[in-house]
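> sequence and computational prediction follow.
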Amino acid sequence: MAAIRTRYAPSPTGSMHVGNLRTALYEYLIAKSQNGSFILRVEDTDQNRLVEGAIELVYDSLRMAGLRHDEGPDIGGPYGPYIQSERKGAYMEHAKVLIDRGAAYYCFCSKERLAALRLENESAGKTNMYDRHCLSLSQDEVHGKLSGGAEFVVRQKMPTSGKTVFTDAVYGEIEFDNSELEDQILVKSDGLPTYNFANVVDDHLMAITHVIRGSEYLSSTPKYNLLYESFGWDVPVYVHLPQIVKEGGRKLSKREGDPSFFDLLEMGFLPEAVINFIAMLGWSPPDNREFFTLDELAGVFSVGGISKSPSYMDMAKLRYFNAEYIRRKSPEEFHALALPYIKQAVSDPRMDTRMIAQTLSKRTEVLGDIPGMIGFLEAVPEFSAELYTHKKMKTDAASAKIALAATAPILRELPRWDADSIHAALNELASANGMKSGQILWPLRVALSGLPVTPGGAVEILEILGREESLRRLEAAIGLL
């Protein structure tokens, strides 16, 4: 059996969206699970859609995702070049082979004629398909037009009867009526191949054994197979992946604000969490396990675990995955990750960022949430005295004023300012006054933060703010009450 070779073949048109990332991930896992090779090929034949710097984005995305390719434009390999525009000559050569075999033909139809044909089909309520006008041209007519420099495209000659049947590793046996297949363009007027034709030629020349792509390409597969048949080439193994949808069953769309891979990273999701989550969008492991490293995924991944049903992009589930990966970080690792976000909210150099990170580590789901969670450390927002009311703690504004007034001198005279000392002093104060500790701590938390929910309790906030700032806030709160 030939060594497994898969390829990720993006168009350099912008950031990698979630669907593309999953395709690349599954291609990587299928290859690595069988000791095969994962190839990167850049498909830049649609020159009108190219985005400057997008190839570098492809490299950065794969690197951030941990998907190390074995061959590609940046590292070379035995099947290069790995950028389609640099392989231009090969496509026309192969198109001429098909023309000679009667499987393709030159088409000289103008844009105006094609536009008129489209209108005619629409008016008649027909599916717009090319009418094979140029298929009837004689050899002399074709030669004359070519000699005269007429602009042309090359079209694939489709069978008009029968069926094309193929087997997909996920969806099983699928058949299409050949009468529904249009004579698709293989080579455009600029000499560059169309996406479908370049895929077939390059996949064969690069010895690709498995083609993994979204299920939306199922309807194009008969055209691919007819090309393989016309060339006399072996057909690769097809693995079509279920769609990824959002609420309402709609496809993800960048135009509708759905995040790309880099968008998720900028929001504060960890790349390893995103990869783990996306691996589960359409694939089920052999047991009920949820969390895998990339190497662990490669060890257990199989095509048999891929579902036919669409997968739901559940952002709440992604947050759950991300929170778990954050909790697995060491204090040093989490501090390094959280520091840029902490600095967005806290400018006072006297505040200990490691102490803040320690408070956040078990309470953070997404790093991008951090500035909003700790903004109160910089300044207390305006808040209503109603916030002191807590039914479970049996507190209100009146009891809060008493509790805060009793707390201030205790904190002012505290010999040591650390969590243990603060906690012991406040517990002792509550006990001495016949109160529950919450009746002291809840008003303190509100006075110090102006919020009903904070990443840490009153003791942690006091330690982070320090004695001077804590007493200043405490006295301001008493004054307001």
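Nice, I can see it. Numbering: from 1, shown residues only.
> how many residues are close by T45?
When neighbours are counted by other CB atoms under 10 Å, T45 registers 24. Every residue, glycine included, has its C-beta placed from N, CA and C.
> how near is it to F197?
Distance, T45 to F197, by CB to CB, to the nearest Å: 9 Å.
> can you count the residues close to the spatially closest residue to T389 that is not a sequence neighbour?
Nearest residue to T389, sequence neighbours excluded (CB to CB, 6 or more residues apart in numbering): D396, at 4.7 Å. With neighbours defined by other CB under 10 Å, the count for D396 comes to 15.
> and what of L444?
By other CB under 10 Å, neighbour count at L444 equals 26.
> low-confidence regions, the stretch 1-150 of the chain specifically.
Residue ranges of the stretch 1-150 of the chain with pLDDT under 70: 1.
> quick check: the residue nearest to T389 touching I402?
No. Under the criterion of CB atoms under 8 Å, D396 is not in contact with I402, lying 10.4 Å apart.
> distance of I55 from H69?
I55 is 13 Å from H69, where distance means CB to CB.
> between these two, which one's more packed in?
Each of I55 and H69 has its neighbours counted (other CB under 10 Å); H69 has more, 26 against 17.
> need phi/psi at that one.
Here is the backbone geometry of H69 (degrees, to the nearest 10): phi -80, psi 150.
> that one contacts R63, correct?
No. The pair H69 / R63 is not scored as a contact, 9.8 Å apart, by CB under 8 Å.
> burial count for S437?
A count of nearby residues for S437, using other CB under 10 Å, gives 17.
> revised request: answer the last question for L241.
When neighbours are counted by other CB under 10 Å, L241 registers 24.
> how about it, what does it touch?
L241 sits next to R22, T23, Y26, V170, I212, R213, G214, S215, G282, I306 when contact means CB atoms under 8 Å, 6 or more residues apart in numbering.
> what separation do you get for the second one and V51?
Taking CB to CB as the measure, T23 falls 19 Å from V51.
> over to A406?
With CB to CB as the criterion, A406 and V51 are 64 Å apart.
> what does A2 give?
Applying CB to CB to A2 and V51 gives a distance of 35 Å.
> show me which of the two is the more surrounded one.
Set A2 next to V51 and count neighbours by other CB under 10 Å: V51 wins out with 12 against 8.
> isn't there a strand covering the more buried one?
No. Counting by DSSP: H, G, I helix; E, B strand; the rest coil, V51 is not part of a strand but coil.
> dihedrals phi and psi, it?
Per-residue torsions, V51: phi -120, psi 130 (degrees, to the nearest 10).
> report the contact partners of it.
Neighbour list for V51: P12, T13, G14 [criterion: CB under 8 Å, 6+ apart].
> dump the residue contacts of the residue nearest to A279 when sequence neighbours are not counted.
Take A279 and drop its neighbours on the chain: the residue closest to it by CB to CB, 6+ apart is L297, 5.5 Å away. L297 makes contacts with L29, I275, N276, A279, as judged by CB under 8 Å, 6+ apart.
> quick one: the strands in the stretch 351-481 of the chain?
Read by DSSP state E, counting those that start in this stretch, the stretch 351-481 of the chain holds no strands at all.
> oh, I was asking about the chain
5-8, 37-40, 104-107, 153-156, 163-168, 172-177, 185-187, 210-214, 237-241, 244-245, 311-312 (DSSP state E).
> got those as TSV, with distance to E93 columns?
Written out in TSV, the entries for the strands of the chain read as follows (distance: least, CB to CB, whole Å):
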stretch	distance to E93
strand 5-8	21
strand 37-40	22
strand 104-107	12
strand 153-156	12
strand 163-168	25
strand 172-177	28
strand 185-187	10
strand 210-214	22
strand 237-241	26
strand 244-245	38
strand 311-312	40
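> of all these, which one is nearest L98?
Closest of the strands of the chain to L98 is strand 104-107, at 3.7 Å (criterion: CB to CB).
> helices or strands up against that closest one?
On a contact count with 3 or more CB pairs under 8 Å, 6 or more residues apart in numbering; DSSP states H and E, strand 104-107 meets helix 88-100, helix 139-147, strand 153-156.
> show me the contact partners of it.
The contact list for strand 104-107 (CB under 8 Å, 6+ apart) reads 95, 98-99, 130, 133-135, 137, 142, 145-146, 152-157, 183, 185-186, 230.
> which segments of this protein make up each domain?
5-70+244-312, 85-241, 329-377, 385-480 (automatic domain parsing).
> ok, longest helix in the protein?
Longest helix in the chain by number of residues, with DSSP state H as the criterion: helix 458-480.
> distance of N276 from G66?
Taking CB to CB as the measure, N276 falls 11 Å from G66.
> higher neighbour count, those two?
Higher neighbour count among N276 and G66: N276, with 23 against 14, using other CB under 10 Å.
> give me the pLDDT for that one.
According to the prediction, N276 has pLDDT 98.
> I'd like the numbering to begin with 36 instead of 1 from here.
Got it, the first residue is 36 from now on, which makes the last one we talked about N311.
> give me every residue that touches it.
Neighbouring residues of N311 by CB under 8 Å, 6+ apart: E325, F326, F327, T328, L332, F356, Y360.
> please list only the buried members of those.
Using 16 or more other CB atoms under 10 Å as the burial test, the contacts of N311 include F327, L332, F356, Y360 as buried.
> let's see which of the residues you listed end up in helices.
If you go by DSSP H, the buried ones among the contacts of N311 have L332, F356, Y360 in helices.
> and of these, the nearest to D237?
L332 (27.0 Å).
> mind checking how far the closest one is from V235?
Taken as CB to CB, the span from L332 to V235 is 29 Å.
> then A139?
In terms of CB to CB, A139 sits 12 Å off from V235.
> same question, G207
Noted for G207: a distance of 22 Å to V235, by CB to CB.
> ok, the two, which is more surrounded?
In terms of neighbours (other CB under 10 Å), V235 is the more surrounded of G207 and V235; the figures are 26 against 8.
> once you drop chain neighbours, what's closest to that one?
Of all residues not flanking V235 in the chain, L262 sits nearest, at 4.7 Å (CB to CB, 6+ apart).
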